[in-house]
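Colleague: Kindly return the folded structure for what I paste below:
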Amino acid sequence: MTDSAKRDDLLTELDDLVATSDTGARKPHGFTGKLLLSVAAFWSLFQLWIASPLPYMVGFGVFNSTEARSIHLALAVFLGFMAFPAFRRSPRNHVPLTDWVMALVGAFCAAYIYIFYAALAERPGSPTTTDVVVALVGLVLLLEATRRALGPPLMIVALLFIIYSVAGPYMPGMLAHRGVSLTSLANHQWLSTQGVFGIALGVSTSFVFLFVLFGSLLDKAGAGNYFIKLAFSLLGHYRGGPAKAAVAASGMTGLISGSSIANTVTTGTFTIPMMKRVGYTAEQAGAVEVSASVNGQIMPPVMGAAAFLMVEYVGISYTEVITHAFLPAMISYIALFYIVHLAALKAGMQGLESSNPVRPFARKMLGFLTGLLLIMGLSLAVYYGLGWLKPALGVYASWVIAAGLAIAYIALLRVGSHYPDLDLDDPNSPVVSMPQTRPTLMTGLHFILPVIVLVWCLMVERLSPALSAFWATVFMTIIMLTQHPLIAMFRKERDLGRNIRRGFCDFWEGLVAGARNMIGIGIATATAGIIVGAVSQTGVGLVLADLVEVLSMGNLLLMLALTAVLSLILGMGLPTTANYIVVSALLAPVIVTLGQQNGLIVPLIAVHLFVFYFGIMADVTPPVGLASFAAAAISGGDPIRTGFQAFYYSLRTAALPFLFIFNTDLLLIDVSFTYGLVIFVVATVAMLIFAAATQGWMITRSRWYESALLLLVAFTLFRPGFWMDMVHDPYRSIPPTEIAQALDRVDDDSNLRMQISGLDDIGNPTTFYLLVPIPDGATGVEKLENLGLTLMQEGDRTLVDLVTYGSLASELGFDFDQEIIEVLAPVDRYRKEWMWIPGFLVFALVVGLQWRRRPAATATPA
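Modeller: Below you'll find the predicted structure:
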């Protein structure tokens, strides 16, 4: 068999792997095949329709959120049974009759709420026998669709929660509850918005689909190949260049893809053979690609659908979510880039031969800085220019901006038409010519415009994520339909009709691919809703909270470790989105509560990001990490060893969540723009030092005490407050009777910490801390009134007498009859950042020690 034939077989095998886990392995022929593609395309068009303003403009096709969720799940279940065979031995080229029946019945049960919406609204909480039968059949078929599309683990977990709901009286000890009837179960899980049709499915319907569709259209238009080629043209010739290019390409692909496996296969088929060529072992090459591809899920704006779920669960805007998530994601990718550089140094690797003109280092730096300044200048011109145009042009501003985008698009296409189209090279060929940077860059600059539209709508116009994705998708559709004909015109090619057809074929394939990529996500969010519904119906969340608190012995760090382990275990069988929904619903409130009891005020967004990061780590962790198996299939390495190597490379991703729990500055919470830049630089340096410590190499191979010192330096840079708190207590205790005086003396931009004794949600006594911002007011008494808090003295106890409804005190968690045990006011002390100085001094010591014994080979430029 020739190398080309082997490569084709491998690509076919990998496509089947992606299809099995993401889009469905069945590809029927004839009418059934056309129907499958048509339903998928219809689903995409339906989602575009409900996201657009058109239904409200024409007064037709307006669906409320519950109806939209019902149709969304009906299409997902139908495609789930049609696209995913029941067993490995089941036919792939046709759909058996049993699957037709289950697909149609499952779709009807899911669409039942939409079809009989008015009748169900007239009898809320009082289902008929038909309602109950439809609901129970729907639950069974949803579990079967879950097994097919996502494997048994999520189905088993959801089934256990259903059994727990019904068999409550027979459960042992603290797990026992009064139980629910089948009628109550059916009503809660299927006929209301508390279970299957809850928040998770709502997010999938409203936001996630459009972003997945946008990414699919962008990929079908050629952006995926463009990102890979651009990364190789920029980085392939450096030391260990293919690995660096893999990191950059996977990061860019992660912007438009929410799937770890698809990202691994898309970029890995090209990058992994290249990495092996320059000296990486099969396991190392696969592990680099897995680490980079999996981290694509933490890259805003999509974040593997979790960003939109966090909007609903945390109660903050989408812009705030991606602002908090941006810094850790960038730090993680920069650190991985450095890790592959260290691996190249250790092995003495070189880069691939470049076809770019050889230029002196000074000219390279000058070119880089010029490009950077041009991008910054263009960004400022767009931001402030459009900001000036909007008020100046009024209602015509949108038309002028659209015309400007059209002109920019045509101009970029004209420039790109002077260069040849990008072809995907065979990385296994004996000779690989690295693409030149300038021609590669110019051919795909127009792909950046839809991303700019998306970010502009989200960040500047402050439109909803759904509407922002809609306008970006509309622009992407225009590009897909017109790019080939326009390029043909600019090149004076005659076959215009073929290029027009090519554009429509790309658009159709993008619609189908977007819907097929959503089958698993739609089903997963619906099934995860079963678990969330069982938690709310049975109160098992409180039981698990007590259980975890007992296991952690009230220690927050141990609690976080248990949560991380649980996320890893669940994530071995659950997709990241479902894993995040389950663990965040069960444990996120517990972590926040336990933190309050231990004096650490943990923001809810930090906890949710913590859970999400470890859910992603599960895609890497052996023995189930499917991304590692996909990479091993390409590299020819051992999948288990690839998984362990990828986990080793991903230690930085595992360390970050613990760090931003204890130092929320990393999430840019309540920090200024200037300080945010400082945090970014210092945290990036800290993560690079951490990477050097864990890899055992910086300038040369590290000795054990040097690695220990590097870990100490990284910790100091990440958490300078830990050491400063030892030197000087950050708070002084004030008697609760002097709260008004404390409010008067403390700076307006500061906070008081109050230790409160009261009752928890189920009436058990508890003690916790609250962080109280200083309200407006001329005096301390006035500030206390504006806080909405009225106190009374009972002997030597200070009690809460009254909390004003809707006040800041009410939002913070103050309640009647609570006792204020202690008030802690911040004191003037040296800033914690002074601790960075001894940290950098120790780092300089390690650099000096290693510099003296550096090998001569590392003195050559990388």
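Colleague: check contacts around Tyr648.
Modeller: For Tyr648, the residues meeting the contact criterion (C-beta atoms under 8 Å, 6 or more residues apart in numbering) are Ala287, Thr694. The way it works is simple: take the backbone N, C-alpha and C, and place the C-beta from them, glycine included.
Colleague: quick one: the helices in the stretch 401-550 of the chain?
Modeller: Secondary structure of the stretch 401-550 of the chain (DSSP state H, counting those that start in this stretch): helices at 437-443, 448-455, 465-490, 496-538, 540-552.
Colleague: And the shortest one, what does it pack against?
Modeller: Okay, so that is helix 437-443. Here helix 437-443 touches helix 223-235, helix 397-416, going by 3 or more C-beta pairs under 8 Å, 6 or more residues apart in numbering; DSSP states H and E.
Colleague: okay, and for the stretch 251-400 of the chain, where does confidence drop off?
Modeller: Regions of the stretch 251-400 of the chain meeting the criterion pLDDT under 70 cover residues 254-260, 262, 266, 300-306, 351-390, 393-394.
Colleague: distance between stretch 822-834 and the chain's centre?
Modeller: Distance of stretch 822-834 from the chain centroid (C-alpha atoms, centre = their mean, to the nearest Å) equals 35 Å.
Colleague: Can you mark which positions in it are buried?
Modeller: Glu822, Val823, Leu824, Ala825, Lys832, Glu833 (16 or more other C-beta atoms under 10 Å).
Colleague: Correct me if wrong: the first one contacts Thr737.
Modeller: This points to Glu822. No - contact criterion C-beta atoms under 8 Å: Glu822 and Thr737 do not qualify, at 11.6 Å.
Colleague: what's the burial count for Leu467?
Modeller: Counted with other C-beta atoms under 10 Å, the neighbours of Leu467 add up to 16.
Colleague: so of the helices and strands packed on helix 437-443, which one's packed in deepest?
Modeller: Mean neighbours per residue, mean count of other C-beta atoms under 10 Å, is largest over the helices and strands packed on helix 437-443 for helix 223-235, with a mean of 24.
Colleague: and that one, what other elements does it pack with?
Modeller: Looks like helix 223-235 contacts helix 241-254, helix 260-278, helix 437-443 (3+ C-beta pairs under 8 Å, 6+ apart).
Colleague: now the angle between helix 496-538 and the longest one, please.
Modeller: So the one you mean is helix 260-278. Relative orientation of helix 260-278 and helix 496-538, computed by axes from the mean of the first three to the mean of the last three C-alpha atoms, to 10 degrees: 120 degrees.
Colleague: any idea of the angle helix 260-278 forms with helix 241-254?
Modeller: Going by the same axes, to 10 degrees, helix 260-278 makes 170 degrees with helix 241-254.
Colleague: Whatever helix or strand comes next after helix 260-278 - contacts with which helices or strands?
Modeller: Proceeding N to C from helix 260-278, the next assigned helix or strand is helix 282-294, under DSSP states H and E. Helix 282-294 makes packing contacts with helix 241-254, helix 260-278, helix 318-347, helix 626-635, helix 639-649 when contacts are defined by 3+ C-beta pairs under 8 Å, 6+ apart.
Colleague: Looking at these, which is nearest to Arg88?
Modeller: helix 626-635 (15.3 Å; C-beta to C-beta).
Colleague: now the closest one, how far from the centre of its chain.
Modeller: Centroid separation for helix 626-635 versus its chain: 22 Å, with C-alpha atoms, centre = their mean.
Colleague: Return that helix as CSV; C-alpha atoms alone will do.
Modeller: Extracted C-alpha coordinates of helix 626-635, given in CSV (Å, rounded to 0.1, in the frame of the first residue of the first chain):
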residue,chain,number,x,y,z
LEU,A,626,-10.8,10.5,23.4
ALA,A,627,-8.7,13.4,22.2
SER,A,628,-5.6,11.4,23.2
PHE,A,629,-6.8,8.3,21.3
ALA,A,630,-7.4,10.5,18.2
ALA,A,631,-3.9,12.0,18.4
ALA,A,632,-2.4,8.5,18.9
ALA,A,633,-4.1,7.2,15.8
ILE,A,634,-2.4,9.9,13.8
SER,A,635,1.0,9.7,15.5
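Colleague: count of neighbours near the closest residue to Asp421 other than its chain neighbours?
Modeller: Closest residue to Asp421 apart from its sequence neighbours, by C-beta to C-beta, 6 or more residues apart in numbering: Thr443 at 6.8 Å. Other residues near Thr443 come to 25 when the count uses other C-beta under 10 Å.
Colleague: returning to what we had before: show me the one of the helices of the stretch 401-550 of the chain that comes nearest Gln741.
Modeller: helix 540-552 (35.9 Å).
Colleague: Please report how far the residue nearest to Asp421 lies from His418.
Modeller: 9 Å (C-beta to C-beta, to the nearest Å).
Colleague: quick one, what contacts Leu120?
Modeller: Contacts here follow C-beta under 8 Å, 6+ apart; on that basis Leu120 touches Ile113, Asp131, Leu191.
Colleague: Tabulate these (CSV), appending secondary structure, pLDDT and neighbour count.
Modeller: Shown next, in CSV, are the contacts of Leu120 (DSSP: H, G, I helix; E, B strand; the rest coil; pLDDT from 0 to 100; neighbours: other C-beta atoms under 10 Å):
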residue, secondary structure, pLDDT, neighbour count
Ile113, helix, 93, 27
Asp131, helix, 92, 21
Leu191, coil, 91, 26
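Colleague: Closest one of those to Leu159?
Modeller: The closest of the contacts of Leu120 to Leu159 turns out to be Leu191 (C-beta to C-beta; 19.5 Å).
Colleague: Let me see the contact set for that closest one.
Modeller: Contact partners of Leu191, counting by C-beta under 8 Å, 6+ apart, are Ile113, Leu120, Pro127, Asp131, Ala135.
Colleague: can you count the residues close to Met125?
Modeller: For residue 125 the amino acid is Gly, not Met. Every residue meeting other C-beta under 10 Å relative to Gly125 is counted, giving 9.
Colleague: My read is that it contacts Asn187, right?
Modeller: Yes - the pair Gly125 / Asn187 is scored as a contact, 6.4 Å apart, by C-beta under 8 Å.
Colleague: all strands for the stretch 651-800 of the chain, in order.
Modeller: Listed in chain order, the strands found in the stretch 651-800 of the chain under DSSP state E, counting those that start in this stretch are 731-734, 751-759, 765-773, 789-794, 797-803.
Colleague: nearest to Met349, of those strands?
Modeller: The nearest among the strands of the stretch 651-800 of the chain, by C-beta to C-beta, is strand 765-773 at 49.8 Å.
Colleague: Partner strands of that closest one, with direction?
Modeller: Pairing partners of strand 765-773, with direction, according to DSSP bridges: strand 751-759 (antiparallel).
Colleague: tilt between the partner strand and strand 797-803?
Modeller: 90 degrees.
Colleague: Ile479 touches Ala223, doesn't it?
Modeller: No - using C-beta under 8 Å as the test, Ile479 is too far from Ala223 to be in contact (9.7 Å).
Colleague: Between the two, which contacts overlap?
Modeller: Shared contacts of Ile479 and Ala223 (C-beta under 8 Å, 6+ apart): Phe447.
Colleague: downstream neighbour of the worst-scoring helix or strand of the chain on mean pLDDT in the secondary structure list?
Modeller: When the helices and strands of the chain are compared on mean pLDDT, DSSP states H and E, helix 3-18 comes out lowest with a mean of 54. Moving toward the C-terminus from helix 3-18, the next helix or strand (DSSP H and E) is helix 30-51.
Colleague: Which is the succeeding secondary structure element to that following helix?
Modeller: Next along the chain after helix 30-51, taking DSSP H and E as the criterion, comes helix 54-58.
Colleague: And the helices in the stretch 651-800 of the chain?
Modeller: Using DSSP H, counting those that start in this stretch, helices in the stretch 651-800 of the chain cover 651-662, 673-695, 704-718, 720-727, 739-745, 780-787.
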